[in-house]
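Enquirer: requesting a structural model of the entry that follows:
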Amino acid sequence: MNKTMRALLGASALCATGGIALADGHATTLTIATVNNGDMIRMQGYTDDFTEKTGHQVEWVTLEENVLRQRVTTDITTKGGAFDLMTIGMYEAPIWGAQGWLVPLDDLSAEYNADDILPAMAGGLSHDGTLYAAPFYGESSMVMYRSDLVDLPEAPTWDQIVEAAASMTDRDNEMYGICLRGKAGWGEGGAFITAMANSFGARVFDENWVPQLDSEEWATTVNFFKDTMDAYGPPGYATNGFNENLNLFQQGKCGMWIDATVAASFVTNPDDSQVADSVGFALAPDNGLGKRSNWLWAWALGIPAGTQKADAAKEFIEWATGTAYIEMVAANEGWANVPPGARQSLYDTAEYQEVPFAQMTLDSILSADPTNPTVDPVPYVGVQFAAIPEWSGLWTQVSQELSAAYAGQQTVEEALEKAQAIAVEEMEAAGY
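Expert: Down below sits the predicted model:
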């Protein structure tokens, strides 16, 4: 049984790892909030290595993505002090860093080599040139598809995606041509539809911060999504997020899945995936307007400014996001299962270059431009989000309205009308 499986069996929502105490008595226990995805679960299986090297123990609080965002946001804004390390991303790190809520990571060791972090990742996790969270892995999004059932070009259009989905759908045998996120949450279905909308020429705000959710481009995007998923997607897609769609694809029930590049190692792992030998990869689709529907994200580790254990937390960051961890996972589970997308040195490694999805992942990451995400100009930075404090609350509400439309509880027109009203009210209240 590999370390990932041991972690899945032995670490549920909360787990602790014991260890030795340091001779100088400085050993402590770190409480870390993280997301319940495969790479983070895998890391928990290796925590004994950290304890053996440092003497520090770790208590993991492992949460579903939407719950994690809510818990860590509440804790840091109220100075609750529940966590010594938080798993956060490119949205939170620069905003919280600017507020003084995170410990700067400008004094990591020379051996750690922060300059090796991919510029796209370091830039998205920094404020005014200071790094505030270290990437455990970085991702964009891409198409994962059943190469035994369909051929896709390396750079497909949305029309080619729909054609492929139609050809693979067989509802009588629980085979669905396409799986996409419909789950409410600004980082779940809300992230997917925003990145998709970019490729349809939509934008969330115009150059004067006026919401644009009542535009023809948004109506076209959401109707295209709903029509495609109603015809070729699985039942209940309105409540499916990353983990739900991953399970469907691994079980051979999804012909195609457009989602995070980090999922490539899970769908090609024969221990977990029934279709591991039959997966192809392509860039996220476009609509011929010059923008693809891929996003840019990193799950990263940040230290809340109120912790009394910042030094030990930095030790954990150096252990978990450094090259030695990557090499340890590669030695035990193969190069395909190391955390991707964070360090240039990984893509310079000959063994990793042989991994079938490595280059497509890097190409997807490098093609996402947070400073120029849309066809028409916008005043915000971010691909699948706008890097403003109001975004998480605003886009969570919008995504709830869209999910209700996917589920047939209201029309797309009604959902977008409500979304526009929500956005206008939120932005006016915030003084834009």
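Enquirer: buried sites along stretch 208-224?
Expert: For stretch 208-224, burial by neighbour count (16 or more other Cβ atoms under 10 Å) applies to Trp209, Pro211, Gln212, Leu213, Ser215, Glu217, Trp218, Ala219, Thr220, Thr221, Val222, Phe224. Any C-beta I mention is one placed from the backbone N, CA and C, and that applies to glycine too.
Enquirer: keep only those of the residues you listed that are in helices.
Expert: Of the buried residues of stretch 208-224, the ones assigned to helices by DSSP state H are Glu217, Trp218, Ala219, Thr220, Thr221, Val222, Phe224.
Enquirer: from those, pick the one nearest Ala300.
Expert: Nearest to Ala300, judged by Cβ to Cβ, of those is Thr221 at 28.9 Å.
Enquirer: that closest one against Ala202, yeah?
Expert: Yes - counting by Cβ atoms under 8 Å, Ala202 is a contact partner of Thr221 at 5.4 Å.
Enquirer: still on that earlier bit, would a markdown table of the ones in helices among the buried residues of stretch 208-224 with distance to Asn36 be doable?
Expert: Shown next, in a markdown table, are these (distance: Cβ to Cβ, whole Å):
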| residue | distance to Asn36 |
| --- | --- |
| Glu217 | 34 |
| Trp218 | 31 |
| Ala219 | 34 |
| Thr220 | 34 |
| Thr221 | 29 |
| Val222 | 28 |
| Phe224 | 30 |
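Enquirer: from those, pick the one nearest Arg69.
Expert: The closest of those to Arg69 turns out to be Val222 (Cβ to Cβ; 22.9 Å).
Enquirer: give me the nearest residue to that closest one, chain neighbours excluded.
Expert: Closest residue in space to Val222, ignoring its immediate chain neighbours: Val412 at 4.9 Å, by Cβ to Cβ, 6 or more residues apart in numbering.
Enquirer: any idea how far that neighbour lies from Gly233?
Expert: As judged by Cβ to Cβ, to the nearest Å, Val412 and Gly233 stand 15 Å apart.
Enquirer: tally of neighbours for Ala82?
Expert: By other Cβ atoms under 10 Å, 17 other residues sit near Ala82.
Enquirer: which residues does it contact?
Expert: Neighbouring residues of Ala82 by Cβ atoms under 8 Å, 6 or more residues apart in numbering: Thr31, Ala33, Val61, Arg71, Asp75.
Enquirer: and the gap between the residue nearest to Ala310 when sequence neighbours are not counted and Tyr132?
Expert: Excluding its sequence neighbours, the residue lying closest to Ala310 (Cβ to Cβ, 6+ apart) is Val103, at 5.2 Å. The gap separating Val103 from Tyr132 is 8 Å, by Cβ to Cβ.
Enquirer: these two: who's more crowded?
Expert: Legend: neighbour count by other Cβ under 10 Å for Val103 and Tyr132, higher for Tyr132 (26 against 22).
Enquirer: element containing the nearest residue in space to that one that is not next to it in sequence, please.
Expert: Once flanking residues are discounted, Tyr132 sits nearest to Gly97: 3.4 Å by Cβ to Cβ, 6+ apart. Element membership of Gly97 [criterion: DSSP states H and E] is helix 92-98.
Enquirer: return the set of buried residues in that helix.
Expert: By neighbour count on 16+ other Cβ under 10 Å, the buried set for helix 92-98 is Glu92, Ala93, Pro94, Ile95, Trp96, Gly97.
Enquirer: among those, which one sits closest to Trp186?
Expert: So of the buried residues of helix 92-98, ranked by how close each gets to Trp186 (Cβ to Cβ), first place is Glu92, at 11.4 Å.
Enquirer: how much space between the closest one and Ser392?
Expert: In this view, Glu92 and Ser392 are 8 Å apart by Cβ to Cβ.
Enquirer: for Ser278, same thing?
Expert: Applying Cβ to Cβ, the value for Ser278 to Ser392 is 38 Å.
Enquirer: so between these two, which is more surrounded?
Expert: Higher neighbour count among Ser278 and Ser392: Ser392, with 20 against 15, using other Cβ under 10 Å.
Enquirer: for the more buried one, report the pLDDT, please.
Expert: Per-residue pLDDT puts Ser392 at 95.
Enquirer: and it, what element?
Expert: Using DSSP H and E, Ser392 falls in helix 391-406.
Enquirer: what angle separates the helix or strand just after that helix from helix 391-406?
Expert: Of the helices and strands lying after helix 391-406 in sequence (DSSP H and E), the nearest is helix 412-429. Relative orientation of helix 412-429 versus helix 391-406 (axes from the mean of the first three to the mean of the last three Cα atoms, to 10 degrees): 170 degrees.
Enquirer: please work out the average pLDDT along helix 412-429.
Expert: In this model, helix 412-429 has a mean pLDDT of 98.
Enquirer: list the helices and strands it packs on?
Expert: The contact analysis (3 or more Cβ pairs under 8 Å, 6 or more residues apart in numbering; DSSP states H and E) places helix 412-429 against helix 216-232, helix 391-406.
Enquirer: please save the CA atoms from that helix in PDB.
Expert: These are the backbone C-alpha positions of helix 412-429, laid out as PDB (Å, rounded to 0.1, in the frame of the first residue of the first chain):
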ATOM      1  CA  VAL A 412     -30.500  31.300 -17.600                       C
ATOM      2  CA  GLU A 413     -32.000  34.700 -18.300                       C
ATOM      3  CA  GLU A 414     -33.400  34.900 -14.800                       C
ATOM      4  CA  ALA A 415     -30.100  33.800 -13.300                       C
ATOM      5  CA  LEU A 416     -28.100  36.400 -15.100                       C
ATOM      6  CA  GLU A 417     -30.600  39.100 -14.300                       C
ATOM      7  CA  LYS A 418     -30.200  38.300 -10.600                       C
ATOM      8  CA  ALA A 419     -26.400  38.000 -11.000                       C
ATOM      9  CA  GLN A 420     -26.200  41.400 -12.500                       C
ATOM     10  CA  ALA A 421     -28.300  42.900  -9.700                       C
ATOM     11  CA  ILE A 422     -26.100  41.300  -7.100                       C
ATOM     12  CA  ALA A 423     -22.900  42.500  -8.800                       C
ATOM     13  CA  VAL A 424     -24.200  46.100  -9.100                       C
ATOM     14  CA  GLU A 425     -25.300  46.200  -5.500                       C
ATOM     15  CA  GLU A 426     -22.000  44.800  -4.200                       C
ATOM     16  CA  MET A 427     -19.800  47.000  -6.300                       C
ATOM     17  CA  GLU A 428     -21.800  50.200  -5.500                       C
ATOM     18  CA  ALA A 429     -21.600  49.300  -1.800                       C
END
